[in-house]
Every structure is written in structure tokens, then in C-alpha cells.
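Chemist: Compute the structure for the input listed below.
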Amino acid sequence: MLNLPNFLSVGRILCVPLIVILLIYNHSGWALLVFILAAITDAVDGLLARLLHQRTAIGAYLDPAADKLLTSSTFIALSILNILPGWLAVIVISRDVIICLGLVILFFTSHPLEIKPSLTSKLTTVFQLCTVIFALFFNYTSPIPILMNFLIWGTVIMTVISGLQYIGKGIKIFNKETH
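Modeler: Purely as a prediction, here's the structure:
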């Protein structure tokens, strides 16, 4: 069902190629604007789904998929352009790949799936989005390097912690259902 929250998630997915193209052609200001709009839809779609009682099964998959596409693509592009360190992109993408692989394994082994982000996962998303926004805003040179370092290391710490939490949850689900 394509309701307003799901439409916003689809819109966020459609923003991904536009952001990458804008970055490739060195239009970081426009990329920043599109990225901020996409980031806003991330907050708004979940809020609307709850307020309008429009939570759907497809929305439970679309929203995190849109988030992962947006962040992964942007981190890759920014690392290729040497705006963010490549190792940071590897950490962010590795977590997303591990989560997706875990979901696939649970699905194919007929384990129940409930996609519900934790507070740590939400904070991870906030750190990732703020890191990208700050990096795009200042492009190659940050007038406040301590803030950029805080965002980068905050992103690393939150990404690793939330990744470990998802691994732990997946192992619990898998072990509970196999005994």
C-alpha cells in the first residue's frame, strides 16, 4: 500500500542517484540540499506512519532500505571524493551489509522477523546523517575540525555498537527458535 509515509520512503530512495550525480559533478551545495530533504523525510515518514496509523509491512522494509541506500551511497561517494575517510565508509557499509545478511539468513531459515530500530540504531542514523551534512556543508575543509572529528568518531562508535546489538539480537532469535 503506497500511503504518504511509504511515498516519502520511495522519494528518499529516488534521491540517492540524484545526490551521487550532484556529488560527481561537484555540485556539493545542491547535493547537500537534496540530502537534507531526504534526511528530513526519514524523520517525517516514521512520525506520519505513527500519527496517521499508517504503519504497513512494506513500510517496515522500505524505510530502513531507504536509509541504508541513502547513507551507503553518500558515504561511498564522499570517500571516493576524499571528503570523508574511506575507512569510515567501510565501517558504515559493513554494518548495513551484516544487518541485511542477518535478515536474509533469518528469513530463509523461517525465523520470525520484526524490524524495529533500537534507540542506539536511531542515534547511529543521526550521527551518520549529521556527519554527511557537516562534510557536505564544509566540503573539503572544515573550519571546526574538532566537530568533524567528533562526528566521525561518534559515527564509528555508534555504528559499531548498533551493529553488535543487531548481531546479538539475531543470534538470540536464531538460538531461541532452534532449541
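Chemist: Can you give the distance of the top helix by length along the chain from its chain's centre?
Modeler: Longest helix in the chain by number of residues (criterion: DSSP state H): helix 145-178. With C-alpha atoms, centre = their mean, to the nearest Å as the basis, helix 145-178 stands 12 Å off its chain's centre.
Chemist: List the buried residues in it.
Modeler: Buried residues in helix 145-178, counted by 16 or more other C-beta atoms under 10 Å: 148, 151-152, 154-156, 158-159, 161-163, 166, 169-170, 173. Heads up, the C-betas are built off the backbone N, CA and C, glycines and all.
Chemist: tell me the contacts of Thr124?
Modeler: 95, 155, 158-159, 161-162 (C-beta atoms under 8 Å, 6 or more residues apart in numbering).
Chemist: how does it look with 10 Å?
Modeler: By C-beta atoms under 10 Å, 6 or more residues apart in numbering, the contact set of Thr124 is 67, 71, 92, 95, 117-118, 154-155, 157-163, 165.
Chemist: what bits of this structure have low per-residue confidence?
Modeler: Within the chain, the stretches with pLDDT under 70 are 1, 114-115, 140-142, 177-179.
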